[in-house]
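Asker: this one's structure only:
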DNA sequence: AAAAAAACATACTACATAGTATTTAATTTT
DNA sequence: AAAATTAAATACTATGTAGTATGTTTTTTT
């Protein structure tokens, strides 16, 4: 392996460990020292690859968070199945697929949003991008549902998209408070009712 | 004013300033020094009134956060108006009543939930109390709606309650990312649809 | 193989942090 | 009024923090 590849690997390693630590303990409260301890590297390596902690934060948001949300919640919305099926399965499946660790610590993106969404404009912009991408995909599938006559014409796709995202992120925070899945099951039941009412 | 009253005032002053600073900058990232600077008091005063920062955190949650949620979102649910009216007005009114500062920084309770809901059990328990109180009130008004024949019999009150809370807290986080109210308006529209579908 | 550059390590600075120890001032009790 | 108690101030410790300065090693270029 040449130098460039190895260097890229260490950079990715820093980003990966950061994502994990930010997820477990928060962005602001995770120190560069802690991160570098986790990577078995030193501060020299960190500041060789990143200008400062902010640059790392933006890298984690733009690479890890965005990718995570895209792969799990966005991409499936562009699938060929009937819109209502896609909607009801994607949220349901996703929630059911979370392991205990993911239930306890909530949504990585939502954690960032709540911690530093009001902190600095650069973070705001980077996080907004994730939400907008998700929203667009939801609007796409909802509009398709209307076109294909499966979803009521008079509903506002954007509003439904926002409502779906809000409730999903909201419950991922609430779940942190409990040591069982009751709240998630209740959420799913509440969501089902909502989606049911979108049908013509 | 006697000593006890004055002492209680300084304690409340510490709690109030803490609430404000926690809200703006987060719990873990607001230092005791910063708080005492804001109160124009010193560290001696702080550690006279509180054993440690954790005790302060619990005081802020149990007194300020709980009270805030109760007064704005819980108490009105026990009013005499028709359930559907209460539901659609309370969420709508609350969102419309927020000033810019409150929109930018999200929900104080939700911020705590997302920051330290997975941090230590004592915080978990204290925050859970707030959510459960809110949920109970929603279930109460939903059940009343069923009894009074205004709300569909076959919906699960708990599920709807959880879904309502989730979406509300979710959008309060999302709003942080934007510099206008579009997302709130879309949320309200999405919520209206949801509530509309609860009617018989 | 020598020179240059890149990738990292080590050692440091300046400041922030939670909490403690001790002192001073004000108030209440006797 | 003296003694005791409470409220708060001051001074401190030990550790954590972001970031810098400089050194060393490895790889690439010449």
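Answerer: Happy to help now that I have it. Here the structure is a predicted model, which means the values were calculated and not measured.
Asker: I'd assumed residue A:160 was in contact with residue A:138.
Answerer: Yes: here residue A:138 reaches residue A:160: they are 7.4 Å apart, a contact under Cβ atoms under 8 Å. For every residue, glycine as well, the C-beta is placed using N, CA and C.
Asker: Up against DNA strand C, what does chain A have?
Answerer: With Cβ under 7 Å from any atom of the strand as the criterion, chain A meets DNA strand C at residues A:3-4, A:6-7, A:10-11, A:40-45, A:48-49.
Asker: Could you turn the buried ones of the residues you listed into a PyMOL selection?
Answerer: PyMOL command restricting the residues of chain A next to DNA strand C to the buried ones, with burial defined by 16 or more other Cβ atoms under 10 Å in any protein chain shown:
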select buried, chain A and resi 11+41+45+49
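Asker: Which of the residues of chain A next to DNA strand C sits closest to residue B:19?
Answerer: Set against residue B:19, the nearest of these by Cβ to Cβ is residue A:43 (36.0 Å).
Asker: Residue numbers of chain A in contact with DNA strand D?
Answerer: So chain A meets DNA strand D at A:2-4, A:6, A:29-34, A:43-44, A:47, A:52-54 (Cβ under 7 Å from any atom of the strand).
Asker: Skipping its backbone neighbours, what lies nearest residue A:122 in space?
Answerer: residue A:58 (6.3 Å; Cβ to Cβ, 6 or more residues apart in numbering or on different chains).
Asker: tell me the contacts of that neighbour?
Answerer: By Cβ atoms under 8 Å, 6 or more residues apart in numbering or on different chains, the contact list for residue A:58 reads A:122, A:123, A:126.
Asker: neighbouring contacts of stretch A:100-114?
Answerer: Counting by Cβ under 8 Å, 6+ apart, A:19, A:22-24, A:26-27, A:61, A:64-65, A:68-69, A:123, A:127, A:130-131, A:168-169, A:172-173, A:175-176, A:181, A:184, B:106, B:110-111, B:114-115, B:117-118, B:170, B:173-174, B:176-177 sit against stretch A:100-114.
Asker: Quick one, which of the residues you listed are buried?
Answerer: For these, a burial check counting by 16+ other Cβ under 10 Å picks out A:19, A:22-23, A:26-27, A:61, A:64-65, A:69, A:123, A:127, A:130-131, A:168-169, A:172-173, A:175-176, A:181, A:184, B:106, B:110-111, B:114-115, B:117-118, B:170, B:173-174, B:176-177.
Asker: which ones among those are found in helices?
Answerer: Using DSSP state H, the members of these that fall within helices are A:19, A:22-23, A:69, A:123, A:127, A:130-131, A:168-169, A:172-173, A:184, B:110-111, B:114-115, B:170, B:173-174.
Asker: mind giving me the domain ranges of chain A?
Answerer: A:1-50, A:60-196 (automatic domain parsing).
Asker: Distance from the chain centre to the last one, please.
Answerer: Meaning domain A:60-196. 8 Å (Cα atoms, centre = their mean, to the nearest Å).
Asker: ok, back up a step: Provide the secondary structure category for the residue nearest to residue A:122.
Answerer: Three-state call for residue A:58 (DSSP: H, G, I helix; E, B strand; the rest coil): helix.
Asker: confidence score at it?
Answerer: Looking at residue A:58, its pLDDT is 98.
Asker: same question, the one 3 residues further on
Answerer: In this model, residue A:61 is scored at 98, pLDDT.
Asker: Would you agree it is in contact with residue A:124?
Answerer: No: under the criterion of Cβ under 8 Å, residue A:61 is not in contact with residue A:124, lying 10.3 Å apart.
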